[in-house]
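> got a predicted structure here, sequence first:
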Amino acid sequence: MAAQLSVQDQVLFLKGSIEFDNAATVYEQGLTLLKQQQQWPVSIDLSGLESSNTIVLAVFVQWLRQCATGQMFYLQKVPQKMQAIIQASNLMAEFGLTPQ
């Protein structure tokens, strides 16, 4: 399933897959939704993420880079494989995660 993004109550929900062919579109859609948020931090719910890969991580890192000073988001309901990729990249703290 193609990636779908939605926001409710300061939670951005990511469902589907982020792959090479749709990463730029997902990045732009997510960035637009993040910039519309009035209250921070925002959480990103990954319970609907269908595939975990470094492309997904690259999108998250780019979103993080675009956040203004004082704006932060954290990941929740992170699939085990995605958490392993984030941990191997030494980015756990940046996304509000603790090693398991």
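On my side now, so go ahead. Residues are numbered from 1 along each chain as shown.

> check the gap between the residue nearest to Gln39 when sequence neighbours are not counted and Pro79 for me.
The spatial neighbour of Gln39 that comes closest, neighbours along the chain excluded (CB to CB, 6 or more residues apart in numbering), is Gln10 at 5.7 Å. In short, each C-beta sits where N, CA and C put it, glycine included. Distance, Gln10 to Pro79, using CB to CB, to the nearest Å: 21 Å.

> can you check Ser6 too?
Computed as CB to CB, the Ser6 to Pro79 distance reads 18 Å.

> count the residues that sit near Ser17.
19 (other CB atoms under 10 Å).

> next, it: phi, psi?
Backbone torsions for Ser17, taken as degrees, to the nearest 10, come to phi -120, psi 140.

> residues contacting it?
With contacts defined as CB atoms under 8 Å, 6 or more residues apart in numbering, Ser17 is in contact with 1-3, 49-51.

> so which helix or strand takes in the residue nearest the centre of the chain?
Nearest to the geometric centre of the chain sits Phe60, at 4.5 Å (CA atoms, centre = their mean). Phe60 is part of helix 54-66, with elements assigned from DSSP states H and E.

> okay, now the unreliable bits of the chain?
Judged by pLDDT under 70, the chain has no weakly predicted residues.

> all strands for it, in order.
4-8, 11-16, 42-49, 73-76 (DSSP state E).

> hang on, the earlier thing: would you turn the contacts of Ser17 into JSON lines with neighbour count and distance to Gln66?
Shown next, in JSON lines, are the contacts of Ser17 (neighbours: other CB atoms under 10 Å; distance: CB to CB, whole Å):
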{"residue": "Met1", "neighbour count": "9", "distance to Gln66": "25"}
{"residue": "Ala2", "neighbour count": "13", "distance to Gln66": "22"}
{"residue": "Ala3", "neighbour count": "22", "distance to Gln66": "18"}
{"residue": "Leu49", "neighbour count": "22", "distance to Gln66": "20"}
{"residue": "Glu50", "neighbour count": "14", "distance to Gln66": "24"}
{"residue": "Ser51", "neighbour count": "15", "distance to Gln66": "23"}
